[in-house]
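Asks: got a sequence here, can you model it:
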Amino acid sequence: MVQGLAFLSKKSWHVKNIANQERVWVEEQKKAAEELKVKELAKQIQQELEEEELDRISGKKGGRIDRGIDWMYQGVKSEASQLDNEKKAEEFLMGKEYTGEKTKGDLEEEQNAGGIQAVINS
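Replies: Numbers count the residues shown, from 1 in each chain. Purely as a prediction, here's the structure:
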């Protein structure tokens with residue numbers, strides 16, 4: 001090596017530095033382990049998809065893996081609510097006037113009727 005450049009081997013970023021070589025080796029090992037893990041997960045997912053496809057083809061309904069959050073939006077309707085909905089639909093079809101459903105909100109008409117005077121008087 002040229003005498004004027006001998007100091008480069010002592011720099012922390014030099015490629016021949018043992019600490020840098022070790023750091024590179026450790027990172028390569030981590031990357032290899034991560035790639036192995038990704039391959040294992042991909043293989044497992046593929047196997048599960050094949051099993052689901054076979055179950056679907058064979059007509060089996062049980063053992064389905066839920067893959068989303070759709071179950072949160074599928075409400076369980078009770079018989080009473082279904083009967084109530086049917087009754088409302090029938091009344092609507094028979095010509096009864098639809099009044100709409102009152103929903104309880106932060107501000108109701110009864111509370112706001114008097115404005116500030118209602119608050120002061122109470």
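Asks: the lengthiest helix in the chain - what's its average pLDDT?
Replies: The residue-count maximum for a helix in the chain (DSSP state H) belongs to helix 18-58. Helix 18-58 comes out with an average pLDDT of 93.
Asks: could you do stretch 89-99 as well?
Replies: Stretch 89-99 comes out at a mean pLDDT of 81.
Asks: using CSV, list the CA coordinates for that stretch.
Replies: Output in CSV follows, covering the C-alpha atoms of stretch 89-99 (Å, rounded to 0.1, in the frame of the first residue of the first chain):
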residue,chain,number,x,y,z
ALA,A,89,-92.2,-3.3,6.1
GLU,A,90,-95.8,-4.7,6.0
GLU,A,91,-97.2,-1.5,7.5
PHE,A,92,-95.3,0.6,4.9
LEU,A,93,-96.6,-1.5,2.1
MET,A,94,-100.2,-1.2,3.4
GLY,A,95,-99.9,2.6,3.2
LYS,A,96,-99.1,3.6,6.7
GLU,A,97,-97.2,6.9,6.9
TYR,A,98,-93.6,6.5,7.7
THR,A,99,-92.6,8.8,10.6
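Asks: so what touches that stretch?
Replies: The contact list for stretch 89-99 (C-beta atoms under 8 Å, 6 or more residues apart in numbering) is empty. Bear in mind the C-beta positions are built from the backbone N, C-alpha and C, glycine included.
Asks: rerun that using 10 Å as the cut-off
Replies: If you take C-beta atoms under 10 Å, 6 or more residues apart in numbering as the criterion, stretch 89-99 is touched by K88.
Asks: can I get stretch 34-47 as CSV, trimmed to CA atoms?
Replies: This file holds the C-alpha atoms of stretch 34-47, laid out as CSV (Å, rounded to 0.1, in the frame of the first residue of the first chain):
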residue,chain,number,x,y,z
GLU,A,34,-35.5,-13.6,7.7
GLU,A,35,-35.6,-15.0,4.2
LEU,A,36,-36.0,-18.5,5.6
LYS,A,37,-38.8,-17.4,7.8
VAL,A,38,-40.6,-15.7,4.9
LYS,A,39,-40.3,-18.8,2.8
GLU,A,40,-41.7,-20.9,5.7
LEU,A,41,-44.7,-18.5,6.1
ALA,A,42,-45.3,-18.5,2.4
LYS,A,43,-45.2,-22.3,2.3
GLN,A,44,-47.6,-22.5,5.3
ILE,A,45,-50.1,-20.0,3.7
GLN,A,46,-50.0,-21.9,0.4
GLN,A,47,-50.7,-25.1,2.2
